[in-house]
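1. Show me how the following folds:
(chains A and B)
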There are 2 protein chains.
Amino acid sequence: MGIIFEKIAIIGVGLIGSSIAQAARIKGLVGQINVATRREETLEEARSINVGDAYFLNAAEAVVDADLVILCVPLGALESITQTIVPHLKTGAILTDVGSVKGHVHKVLGPLVPEGIHFVPGHPMAGTEHSGPLAGFPQLFEGRWCILTPEEDVARSAVEKLVQFWRGLGSDVELMDAAHHDMVVAITSHVPHLVAYNIVGTVDDLESVSKSEVIKFSATGFRDLTRIAASDPVMWRDVFLTNRDAVLEMLGRFSEDLSVLQRAVRMGDAHALEDLFTRTRKIRRSIIDAGQETDATDFGRAHPTAED
Amino acid sequence: MGIIFEKIAIIGVGLIGSSIAQAARIKGLVGQINVATRREETLEEARSINVGDAYFLNAAEAVVDADLVILCVPLGALESITQTIVPHLKTGAILTDVGSVKGHVHKVLGPLVPEGIHFVPGHPMAGTEHSGPLAGFPQLFEGRWCILTPEEDVARSAVEKLVQFWRGLGSDVELMDAAHHDMVVAITSHVPHLVAYNIVGTVDDLESVSKSEVIKFSATGFRDLTRIAASDPVMWRDVFLTNRDAVLEMLGRFSEDLSVLQRAVRMGDAHALEDLFTRTRKIRRSIIDAGQETDATDFGRAHPTAED
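-> Residues are numbered from 1 along each chain as shown, chains lettered A, B, ... in the order given. You can find the predicted model right below:
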């Protein structure tokens, strides 16, 4: 594919930042990689696995001369980090981020971005339940979607360059309106996380069934939800603080449907239950057919062998 | 371990029945395996992979002379199948089942079981999202729990023999009161399934976000829930019809907690959100430490290689 950007700066080197750096290096998409993070310990972890070429505790220094700056910090930290770096951005540079809520990013960062900087917010829809530089791996974006939400007036050429970069990392790329993006992730991601967090929290407070019993017998469904509910707490706190309206709308739909389902259980409405459970099975099949999920039983989880 | 039962009859040969037969054979726990199922097509599938030694469309014939009879049919089919077989059970035989709701099994089957038959209801807490004889595999029960819920007056020796059988299949076994079992599964299994079915159903009805968008971007959380919501519709219909009270109680707790969480989102209560999300992460760690879950990232899902 060849080099797309001579120098990039990755600000924040958790799971996503670390994976971008590793993938960009392996794919040969960039010349130099500057890595910046606030905590010395995290920077040392990144250095220990050779994530970049130069390491900075001060983000303002890391962005000097960079052609692409990628903000990989939690949503709540985006505003202050942007204020810190904008005076040092090179004219003509592309500024992007990886935050899960795009309306918020446009609203808060948009006004801070100076003339001559191409602002193209982005959201790679990839992740795992682990965090930190050591959790990163270069295949994270392969076959996953990355959504970009530039305003209409952003230079086509800059958007196209960032599209090429994400394709180079292995992603499929789609352009979308920020508000619509936030509705899509509210239902595909934010409400599922909220529901998972909630049921795990419910278990934490029960008296009639002990927590140790739940843990012991979790393989019957509960444990799948705990993976989602093990995602980074600060990142997810910020998601719900910044995508409030879309989350509340989708949660309202969920709760309404749950009330109907609860009544079907109470009334013993066999037909309604079986009908729903049959419809939902088809949706999973569509996801597998779309290449967004493995067909392997139980996610391909390892089962112990019969010879143990 | 050696042979525990000379002849067993497996009535119903879906995922669970097929897996029991395969494991019992491989582990050498039984002499002869009779397999019965109502549908000819299913029986032929079972025969095609050599699940047993003899095949029956009539369950009454399959149980003749069997030392252990395992009912592996959906909860809703248990009563009629039991009526069919009881006149043909050998005196001294053990009768068990694999249904997910034990209070119902005691209430409905208990009165049908004649003197001289040892009735020991059971629930292997294992499964996948697939169904049918071909979905079965002999490692399904390895390291998974099997709960037995015999009444106090059942012969110790019969219970002990069934415990040995399940241990031989690879399970850990626990004895439990049927009512308590039903509360435990309501929160570890039934409510998680209900919530997963519900959110997948919500998606099916949205207008603001298209179903194809949800499928496309499902990897961000939603798809994990779809695996649970792809479980056998008839089996799960029967679960909710028969464990109504415990499910409604646990669902009430879930909904109450969800209202509190919804308010935290509406009010932007950062502290409450982060606090919950931090607590829930610990519960997953406990499940991994208890050997009930893999530590592998993303359940060990295959990620495409960088060289694709």
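
2. which stretches of chain A form helices?
-> Applying DSSP state H to chain A gives helices spanning A:15-26, A:40-48, A:59-62, A:78-85, A:102-109, A:156-168, A:178-185, A:191-204, A:211-216, A:222-228, A:233-242, A:244-267, A:270-289.

3. TSV please, covering those helices and showing mean pLDDT and distance to chain B.
-> C-beta coordinates here come from the backbone N, C-alpha and C atoms, glycine included. Formatted as TSV, the helices of chain A follow (pLDDT from 0 to 100; distance: least, Cβ to the nearest Cβ, whole Å):
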stretch	mean pLDDT	distance to chain B
helix A:15-26	98	6
helix A:40-48	97	17
helix A:59-62	98	23
helix A:78-85	98	15
helix A:102-109	97	12
helix A:156-168	98	11
helix A:178-185	96	5
helix A:191-204	91	4
helix A:211-216	88	5
helix A:222-228	84	4
helix A:233-242	93	4
helix A:244-267	96	5
helix A:270-289	90	4
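
4. Mean neighbour count for those - can I get that in a markdown table?
-> Converted to a markdown table, the helices of chain A look like this (neighbours: other Cβ atoms under 10 Å in any protein chain shown):
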| stretch | mean neighbour count |
| --- | --- |
| helix A:15-26 | 24 |
| helix A:40-48 | 15 |
| helix A:59-62 | 20 |
| helix A:78-85 | 18 |
| helix A:102-109 | 20 |
| helix A:156-168 | 17 |
| helix A:178-185 | 22 |
| helix A:191-204 | 25 |
| helix A:211-216 | 18 |
| helix A:222-228 | 26 |
| helix A:233-242 | 23 |
| helix A:244-267 | 18 |
| helix A:270-289 | 18 |
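
5. With respect to B:Asp245, which of these lies nearest?
-> Nearest to B:Asp245 among the helices of chain A is helix A:244-267 (9.6 Å), distances taken as Cβ to Cβ.

6. Send me that closest one as CSV with only the CA atoms.
-> Written as CSV, here are the backbone C-alpha positions of helix A:244-267 (Å, rounded to 0.1, in the frame of the first residue of the first chain):
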residue,chain,number,x,y,z
ARG,A,244,-27.4,10.6,26.8
ASP,A,245,-30.3,11.4,24.5
ALA,A,246,-29.8,8.6,22.0
VAL,A,247,-29.2,6.1,24.8
LEU,A,248,-32.3,7.2,26.7
GLU,A,249,-34.4,6.9,23.5
MET,A,250,-33.2,3.4,22.8
LEU,A,251,-33.4,2.4,26.4
GLY,A,252,-37.0,3.6,26.4
ARG,A,253,-37.8,1.2,23.5
PHE,A,254,-36.0,-1.6,25.2
SER,A,255,-37.9,-1.1,28.5
GLU,A,256,-41.2,-0.8,26.7
ASP,A,257,-40.6,-4.1,24.9
LEU,A,258,-39.4,-5.7,28.2
SER,A,259,-42.7,-4.8,29.8
VAL,A,260,-44.6,-6.5,27.0
LEU,A,261,-42.4,-9.6,27.3
GLN,A,262,-42.8,-9.6,31.1
ARG,A,263,-46.5,-9.6,30.7
ALA,A,264,-46.2,-12.5,28.2
VAL,A,265,-44.3,-14.4,30.9
ARG,A,266,-46.9,-13.5,33.5
MET,A,267,-49.8,-14.5,31.3
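
7. Pull the distance from it to the chain's centre.
-> Here helix A:244-267 shows a centroid-to-chain-centroid distance of 25 Å under the convention Cα atoms, centre = their mean, to the nearest Å.

8. ditto for stretch A:190-208
-> The answer for stretch A:190-208 is 21 Å, by Cα atoms, centre = their mean.

9. that older thread, B:Gly143 is nearest to which of the helices of chain A?
-> Checking those against B:Gly143 by Cβ to Cβ gives helix A:211-216 as the closest, at 11.6 Å.

10. Which strands and helices lie in contact with the closest one?
-> helix A:191-204, helix B:270-289 (3 or more Cβ pairs under 8 Å, 6 or more residues apart in numbering or on different chains; DSSP states H and E).

11. Specify the residue ranges that define each domain of chain A.
-> A:5-176, A:180-292 (automatic domain parsing).

12. how many neighbours does A:Ala66 have?
-> 26 (other Cβ atoms under 10 Å in any protein chain shown).

13. Just put the helices and strands packed on helix A:211-216 in a markdown table and tack on distance to A:Lys216.
-> As requested, the helices and strands packed on helix A:211-216 are exported to a markdown table (distance: least, Cβ to Cβ, whole Å):
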| stretch | distance to A:Lys216 |
| --- | --- |
| helix A:191-204 | 12 |
| helix B:270-289 | 9 |
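
14. hmm, back to that, now render the helices of chain A as a markdown table, adding distance to B:Ile10.
-> Formatted as a markdown table, the helices of chain A follow (distance: least, Cβ to Cβ, whole Å):
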| stretch | distance to B:Ile10 |
| --- | --- |
| helix A:15-26 | 46 |
| helix A:40-48 | 53 |
| helix A:59-62 | 64 |
| helix A:78-85 | 59 |
| helix A:102-109 | 54 |
| helix A:156-168 | 52 |
| helix A:178-185 | 46 |
| helix A:191-204 | 34 |
| helix A:211-216 | 27 |
| helix A:222-228 | 28 |
| helix A:233-242 | 45 |
| helix A:244-267 | 30 |
| helix A:270-289 | 25 |
